[in-house]
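Visitor: Attaching a predicted model along with its sequence, questions to come.
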Amino acid sequence: MEERPGASGAVESWSRREYSTRAVPARRVLVVSIPPANARIATVLAECDLEFAATAATAVAEARARAFHCALVSVITPDAFDVAKALHEAAPELPVICVRVVDERHRLTRATLEGLRLAAGAVGARGFVDFFDFPDDERGLAAVRDAIDTLC
C-alpha cells in the first residue's frame, strides 16, 4: 500500500495491486457468418468473446437473450442483409455491423462495394467494414479492430 498526496493535498491510500488485478471483461460479440469467414474474424477479434451463429433464427434468439457489445454479419452469409435487418429489429440497441471478410473469388468493383455500404445502412446496420481495406499485418488488424470499435 502506498500513500500519495491527492489533488487537495490530503493523503490518499491506494494499492498498485488494486489496479493491476482487476479483470477486464472481454467484449462479447455476436457473429453471423459462414466457416470460411469465421477463422478470419476469430483471428482479428481474438481478444473478444465471440459467439458464432450459423442461422438468422439462432442469431436473433441470442441477441434477445444475451447482452452483446455488437453483432457482425458477414456479407457472404446467405441473406446477410435480411439477417442484419432482423437483428436490428429484434434488438435495436445492439450495434449491427456488416463486414466483408473473405474474397468472393473475384475482386469487387468500387460500385459494388458502395452498394454493400448502402445496403448495410438501409437495413439499420451502423456501418460496413471491408477487411480488405486494411493491410494483412498486425497494424492492419489493429485498424480493423479500431474501425469496428468506432461503430460499436
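Guide: That came through, no problem.
Visitor: Glu51 and Val32 touch, don't they?
Guide: No. Glu51 is not in contact with Val32 according to C-beta atoms under 8 Å; the separation is 9.8 Å. C-beta here means a position set from N, CA and C on the backbone, and glycine is covered the same way.
Visitor: between those two, who's got more neighbours?
Guide: Val32 (30 against 17; other C-beta atoms under 10 Å).
Visitor: can you tell me how far that one sits from Gly124?
Guide: 14 Å (C-beta to C-beta, to the nearest Å).
Visitor: do the same with Leu108
Guide: Distance from Leu108 to Gly124, by C-beta to C-beta: 23 Å.
Visitor: likewise Ile148?
Guide: 17 Å.
Visitor: Of these two, which one has the most company?
Guide: Ile148 (25 against 15).
Visitor: Which strand or helix spans that one?
Guide: helix 138-151 (DSSP states H and E).
Visitor: got it, and Leu118?
Guide: helix 110-122.
Visitor: pretty sure Ile97 is touching Val123, no?
Guide: No. At 11.5 Å, Ile97 and Val123 do not qualify as touching, with contact defined as C-beta under 8 Å.
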